[in-house]
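J.: All I have is the shape, not the residue letters:
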């Protein structure tokens, strides 16, 4: 598996040679630092720990700082990637060149929080008639049982908190990579708000 920690810039659109419009999400990828490596002999599995965005040492406690080698400053974001396909060593910098020969990626991020929502927005319920005299517009309707037990069963779709969940969108096609701007453009939308931190990995189903 290949992966990097990146940041979402936003959405735009680009045109190909035939004039076809493609909506894309722009992802900014600063070079990730290899903070640690794990091996089967020492840890039971192979993995690489990547870090992004330096932190001031004055704002880091000893417990957090202790996991970083002396020549590497503490990082704000850390992510462990198992079975990393590229041979790396602690202290190496990994950037967009990792995805030069990759066509599809999976993107993981925390989705936008939408607060407390009703069943029509949260679950797509149709609701009742919008006509005059109807007393059933946007309510969820009955959720109980006619017989025993006399309470609502578990997993009934109800109003509640919506969004702000860890979401992975799979098989996003890489449309363009710009090494100068350090951005990769993928077809379609990815989870999260602008400037959010996300994980971009090689697609597992392609």
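T.: Good, I have the coordinates. In this text, all values refer to a predicted model and were calculated from it rather than measured experimentally.

J.: just the strands in this structure please.
T.: Listed in chain order, the strands of the chain (DSSP state E) span 3-15, 21-28, 32-38, 47-54, 75-82, 93-94, 104-110, 113-117, 160-163, 166-178, 183-187, 197-202.

J.: okay if I get the ones you listed as TSV plus mean pLDDT and distance to residue 65?
T.: Where you see a C-beta, it was placed from the backbone N, CA and C, and this is true even at glycine. Putting the strands of the chain into TSV (pLDDT from 0 to 100; distance: least, Cβ to Cβ, whole Å) gives the following:
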stretch	mean pLDDT	distance to residue 65
strand 3-15	95	19
strand 21-28	95	27
strand 32-38	93	12
strand 47-54	93	12
strand 75-82	93	11
strand 93-94	92	20
strand 104-110	96	26
strand 113-117	97	31
strand 160-163	96	34
strand 166-178	95	27
strand 183-187	95	31
strand 197-202	95	20
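
J.: between those strands, which gets nearest to residue 127?
T.: strand 113-117 (13.2 Å; Cβ to Cβ).

J.: Is residue 199 in contact with residue 109, as I believe?
T.: Yes. Between residue 199 and residue 109 there is a contact at 7.2 Å, judged by Cβ atoms under 8 Å.

J.: Give me the more crowded residue out of the two.
T.: residue 109 (22 against 19; other Cβ atoms under 10 Å).

J.: wait, that one sits on residue 190?
T.: Yes. Assessed by Cβ under 8 Å, residue 109 is found in contact with residue 190 at 6.3 Å.

J.: any common contacting residues for these two?
T.: 8, 198 (Cβ atoms under 8 Å, 6 or more residues apart in numbering).

J.: TSV for the strands of the chain, including distance to residue 68?
T.: Output for those, formatted as TSV (distance: least, Cβ to Cβ, whole Å):
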stretch	distance to residue 68
strand 3-15	15
strand 21-28	23
strand 32-38	6
strand 47-54	8
strand 75-82	7
strand 93-94	15
strand 104-110	24
strand 113-117	31
strand 160-163	33
strand 166-178	25
strand 183-187	27
strand 197-202	18
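
J.: Would you tell me which of the ones you listed gets closest to residue 66?
T.: Taking Cβ to Cβ, strand 32-38 is the member of these nearest to residue 66, at 11.6 Å.

J.: Quick check: which helices or strands does the closest one pack against?
T.: Judged by 3 or more Cβ pairs under 8 Å, 6 or more residues apart in numbering; DSSP states H and E, strand 32-38 is in contact with strand 47-54, strand 75-82, strand 93-94.
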